[in-house]
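*Asks:* Sharing a sequence plus its predicted fold:
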Amino acid sequence: MHSDLFFELLRSRPELDAAQARAGDRRAYEQLLQQGYASAAEWYLPALCQACGSAQGLLADQQHNWEGRVNFRERLECPQCRLNTRQRFMAHLVRTALAERRGSEPRVYLHEQITPFFRWAQQALPGEVLGSEYLGHDVPGGAVVDGVRHEDALALSFGDASLDVIVSQDVLEHVPDIDPAVAEAARVLRPGGRLFLSVPFHAHADATVQRATLRDGEVVHLHEPQFHGNPVSAEGSLVFYDHGWDLLDRLRAHGFADAYVLGYWSALYGYLGGDGLLTMISAVRA
């Protein structure tokens, strides 16, 4: 890997704080970009896209902007594979993990299907690649509707120990009950299987905040409602959880031998956007 790539396993908030304390130069670089292009509606960052293996100008614009600044986590989109920053890094993580794996052809499941990332995974990853969307509580698990597979993260239709890798990108903040979702991921993974997980991680919060819950099938809001984009619903997806560090404890409690935050950053690969540090979560099935 290139020498400017920062990559570290972080298992606690103090470890993350220490990593961020060493991120002064990276923060200064991000601030320089934000200030230099503050008046531009869109601009392009030269970088190497590890997902599609090409040198590209990664698109930065005002979609999902944060306090008037480009949201690097959600933008810096590659014009060839259409993946943004967190998706490009997820692609790198998953492909590397599968390249290091030995044995039979892997079985990979994604909590998404109508996305550029799923299209990339089908083309780029070895073995069987499955994806799904949540189509409603009245649709049976595993059913295919107009070419789209339905799965409920709280009750997956896959058999025990039947998958090698699960990729869940910004999904588990939207499930109404996080513990069954984590337990289901552990159930369907084979021993040593990997869960690669991204959520809007609240890195300075020890405890997860539950924003909403279901009572007798009805949504009860515990905090001001928040919604994120949803490829199968114009209404968006309600945020049920703001996840903090106790998400790692949940993963370990429900069958994962280890769980940790991956801190990463690289100017060469266009991995910017978290105050000098971006985060992803990885867990290994016991």
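*Replies:* Right, received. Where do you want to start?
*Asks:* tally of neighbours for His5?
*Replies:* For the record, residue 5 is Leu, not His. 14 (other Cβ atoms under 10 Å). All C-beta spots, glycine's among them, are computed from the backbone N, C-alpha and C.
*Asks:* and the closest residue to it other than its chain neighbours, how many neighbours?
*Replies:* Excluding the flanking residues, the one nearest Leu5 by Cβ to Cβ, 6 or more residues apart in numbering is Ser266, at 4.2 Å. A count of neighbours around Ser266, defined by other Cβ under 10 Å, yields 21.
*Asks:* which residues does Ser266 bridge with?
*Replies:* Tyr271 (DSSP bridges).
*Asks:* Repeat that for Arg215.
*Replies:* Glu218.
*Asks:* same for the lengthiest helix in the chain, what does it pack against?
*Replies:* When the chain is parsed with DSSP state H, its longest helix is helix 85-99. Where contact means 3 or more Cβ pairs under 8 Å, 6 or more residues apart in numbering; DSSP states H and E, helix 85-99 is packed against helix 116-124, strand 163-169, strand 189-198, strand 278-285.
*Asks:* hmm, who's touching that helix?
*Replies:* 49-51, 58, 72-76, 78, 81, 83, 106, 108, 116-117, 120-121, 124-127, 164-165, 167, 169-170, 194, 196, 198, 262, 264, 269-273, 278, 280, 282 (Cβ atoms under 8 Å, 6 or more residues apart in numbering).
*Asks:* Would you list the buried entries among the residues you listed?
*Replies:* 49-51, 58, 72-76, 78, 81, 83, 106, 108, 116-117, 120-121, 124-125, 164-165, 167, 169-170, 194, 196, 198, 262, 264, 269-273, 278, 280, 282 (16 or more other Cβ atoms under 10 Å).
*Asks:* So which elements touch the host helix or strand of Leu248?
*Replies:* Assigned by DSSP states H and E, Leu248 belongs to helix 246-253. Where contact means 3+ Cβ pairs under 8 Å, 6+ apart, helix 246-253 is packed against helix 178-188, strand 256-265, strand 278-285.
*Asks:* Mind doing that once more with 10 Å?
*Replies:* Applying 3 or more Cβ pairs under 10 Å, 6 or more residues apart in numbering; DSSP states H and E, we find helix 246-253 packed against helix 178-188, strand 189-198, strand 256-265, strand 278-285.
*Asks:* Describe which strands the helix or strand just after the second one pairs with in its sheet and in which direction.
*Replies:* Translated: strand 189-198. Sequence-wise, the next helix or strand downstream of strand 189-198 (DSSP H and E) is strand 209-210. Paired strands of strand 209-210, with direction, are strand 241-242 (antiparallel) (DSSP bridges).
*Asks:* quick one on the thing from earlier: could I get the buried residue list for the helix holding Leu248?
*Replies:* Under the neighbour-count criterion of 16+ other Cβ under 10 Å, helix 246-253 has 247-248, 250-252 buried.
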